[in-house]
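Quick one: sequence plus predicted model below, questions after.
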Amino acid sequence: MDLGRISSGTRAQISYLARRCMRSHSTHYREQNCVRAHETAFRNADDLMDPRVSVLLNKSFDGLPPCLLIVCELDPVRDDSYAYQEALDKAGVKTKLTLIRGIIHPFFSFPGIYRNACGQMINAVQEFMASL
(Lines give C-alpha, C1' and ligand atoms only; values in the text may rest on other atoms or scores of the structure.)
Protein backbone atom coordinates (compact mmCIF):
# COMPACT_ATOMS: atom_id res chain seq x y z
CA MET A 1 0.00 0.00 0.00
CA ASP A 2 1.40 3.36 -1.01
CA LEU A 3 -0.57 6.22 0.49
CA GLY A 4 1.62 8.57 -1.53
CA ARG A 5 -0.29 7.55 -4.66
CA ILE A 6 -3.49 9.35 -3.71
CA SER A 7 -3.92 13.08 -3.87
CA SER A 8 -3.99 15.12 -0.68
CA GLY A 9 -7.54 16.26 -1.51
CA THR A 10 -8.76 12.68 -1.81
CA ARG A 11 -6.88 11.74 1.36
CA ALA A 12 -8.62 14.58 3.22
CA GLN A 13 -12.04 13.45 1.93
CA ILE A 14 -11.33 9.87 2.98
CA SER A 15 -10.21 10.95 6.43
CA TYR A 16 -13.25 13.19 6.97
CA LEU A 17 -15.78 10.59 5.76
CA ALA A 18 -14.14 7.75 7.68
CA ARG A 19 -14.17 9.75 10.92
CA ARG A 20 -17.80 10.77 10.37
CA CYS A 21 -18.80 7.20 9.61
CA MET A 22 -16.99 5.80 12.64
CA ARG A 23 -18.55 8.37 14.98
CA SER A 24 -22.03 7.55 13.77
CA HIS A 25 -21.81 3.77 14.21
CA SER A 26 -21.28 1.33 17.06
CA THR A 27 -18.17 1.46 19.24
CA HIS A 28 -16.75 -1.49 17.30
CA TYR A 29 -16.08 0.88 14.43
CA ARG A 30 -14.96 3.93 16.38
CA GLU A 31 -11.70 5.55 15.45
CA GLN A 32 -9.74 4.34 18.49
CA ASN A 33 -10.62 0.72 17.77
CA CYS A 34 -9.74 1.12 14.10
CA VAL A 35 -6.37 2.64 14.94
CA ARG A 36 -5.66 -0.13 17.46
CA ALA A 37 -6.57 -2.79 14.90
CA HIS A 38 -4.15 -1.34 12.36
CA GLU A 39 -1.38 -0.97 14.94
CA THR A 40 -1.62 -4.63 15.96
CA ALA A 41 -2.22 -6.16 12.53
CA PHE A 42 1.50 -6.64 11.92
CA ARG A 43 4.36 -7.74 14.17
CA ASN A 44 6.58 -4.95 12.87
CA ALA A 45 7.17 -2.70 9.86
CA ASP A 46 9.08 -5.49 8.08
CA ASP A 47 5.77 -7.34 7.65
CA LEU A 48 4.68 -4.64 5.22
CA MET A 49 7.52 -5.70 2.90
CA ASP A 50 6.24 -9.29 2.77
CA PRO A 51 4.55 -10.01 -0.60
CA ARG A 52 1.89 -12.02 1.24
CA VAL A 53 0.89 -8.76 2.95
CA SER A 54 1.72 -6.25 0.20
CA VAL A 55 0.67 -8.19 -2.87
CA LEU A 56 2.17 -5.65 -5.30
CA LEU A 57 5.64 -6.72 -4.10
CA ASN A 58 5.26 -10.15 -5.71
CA LYS A 59 7.79 -10.87 -8.46
CA SER A 60 5.26 -12.62 -10.70
CA PHE A 61 1.51 -12.61 -11.18
CA ASP A 62 1.50 -15.44 -13.72
CA GLY A 63 -0.95 -18.29 -13.26
CA LEU A 64 -3.28 -16.53 -10.86
CA PRO A 65 -7.04 -17.14 -11.11
CA PRO A 66 -9.48 -14.54 -12.46
CA CYS A 67 -9.84 -11.57 -10.15
CA LEU A 68 -12.73 -9.22 -9.43
CA LEU A 69 -11.72 -6.01 -7.69
CA ILE A 70 -14.41 -4.03 -5.90
CA VAL A 71 -12.88 -0.59 -5.37
CA CYS A 72 -14.24 2.30 -3.33
CA GLU A 73 -13.69 5.80 -4.67
CA LEU A 74 -12.79 7.17 -1.23
CA ASP A 75 -10.45 4.40 -0.10
CA PRO A 76 -6.78 4.79 0.83
CA VAL A 77 -5.95 1.60 -1.12
CA ARG A 78 -7.93 2.60 -4.21
CA ASP A 79 -4.92 3.37 -6.38
CA ASP A 80 -3.17 0.19 -5.26
CA SER A 81 -6.19 -1.66 -6.64
CA TYR A 82 -5.62 -0.05 -10.03
CA ALA A 83 -1.93 -1.00 -9.88
CA TYR A 84 -2.83 -4.59 -8.93
CA GLN A 85 -5.26 -4.85 -11.83
CA GLU A 86 -2.58 -3.56 -14.19
CA ALA A 87 -0.06 -6.13 -12.91
CA LEU A 88 -2.60 -8.94 -13.31
CA ASP A 89 -3.58 -7.75 -16.80
CA LYS A 90 0.09 -7.73 -17.88
CA ALA A 91 0.37 -11.32 -16.65
CA GLY A 92 -2.65 -12.34 -18.72
CA VAL A 93 -4.98 -12.80 -15.75
CA LYS A 94 -8.65 -12.06 -16.40
CA THR A 95 -9.70 -9.06 -14.29
CA LYS A 96 -12.70 -6.85 -13.77
CA LEU A 97 -12.58 -3.71 -11.66
CA THR A 98 -15.78 -2.15 -10.37
CA LEU A 99 -15.48 1.34 -8.87
CA ILE A 100 -18.13 2.22 -6.29
CA ARG A 101 -18.31 6.03 -6.33
CA GLY A 102 -18.58 8.22 -3.23
CA ILE A 103 -18.04 5.34 -0.81
CA ILE A 104 -15.42 4.57 1.85
CA HIS A 105 -13.70 1.21 2.38
CA PRO A 106 -15.98 -0.51 4.95
CA PHE A 107 -19.29 0.22 3.14
CA PHE A 108 -20.17 -3.47 2.87
CA SER A 109 -20.24 -3.68 6.68
CA PHE A 110 -23.25 -1.35 6.68
CA PRO A 111 -25.69 -2.74 4.08
CA GLY A 112 -28.62 -0.88 5.62
CA ILE A 113 -26.86 2.45 5.19
CA TYR A 114 -25.09 1.81 1.88
CA ARG A 115 -27.89 -0.16 0.22
CA ASN A 116 -27.15 1.07 -3.33
CA ALA A 117 -23.41 0.47 -3.04
CA CYS A 118 -23.99 -3.04 -1.68
CA GLY A 119 -26.37 -3.68 -4.57
CA GLN A 120 -23.70 -2.56 -7.04
CA MET A 121 -21.21 -4.90 -5.38
CA ILE A 122 -23.59 -7.87 -5.51
CA ASN A 123 -24.36 -7.20 -9.18
CA ALA A 124 -20.64 -6.99 -9.99
CA VAL A 125 -19.99 -10.32 -8.26
CA GLN A 126 -22.90 -12.01 -10.05
CA GLU A 127 -21.83 -10.67 -13.46
CA PHE A 128 -18.21 -11.64 -12.91
CA MET A 129 -19.07 -15.16 -11.76
CA ALA A 130 -21.39 -15.60 -14.76
CA SER A 131 -18.53 -14.58 -17.08
CA LEU A 132 -16.24 -17.38 -15.87
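That came through fine. Since the model is a prediction, treat every value here as computed from it, not as a measurement.

alpha carbons only for contacts and neighbour counts from here, please
Fine.

Next secondary structure element downstream of the strand ranked longest in the chain?
Scanning the chain for the strand with the most residues, using DSSP state E, yields strand 95-104. Towards the C-terminus, the helix or strand next in line after strand 95-104, according to DSSP states H and E, is helix 115-131.

And that following helix, what's buried?
Using 16 or more other C-alpha atoms under 10 Å as the burial criterion, the residues of helix 115-131 that qualify are Ala117, Cys118, Met121, Ala124, Val125, Phe128.

CSV for the residues you listed, including distance to Arg52 and pLDDT?
Supplementary listing: these in CSV, determined by distance: C-alpha to C-alpha, whole Å; pLDDT from 0 to 100:
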residue, distance to Arg52, pLDDT
Ala117, 29, 94
Cys118, 28, 94
Met121, 25, 95
Ala124, 26, 97
Val125, 24, 97
Phe128, 25, 98
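
Can you show me the helices along this protein?
In the chain, the helices defined using DSSP state H lie at 8-24, 31-40, 78-90, 115-131.

what's the average pLDDT for the third one?
In this model, helix 78-90 carries a mean pLDDT of 94.

same deal with the second one?
Helix 31-40 shows a mean pLDDT of 58.
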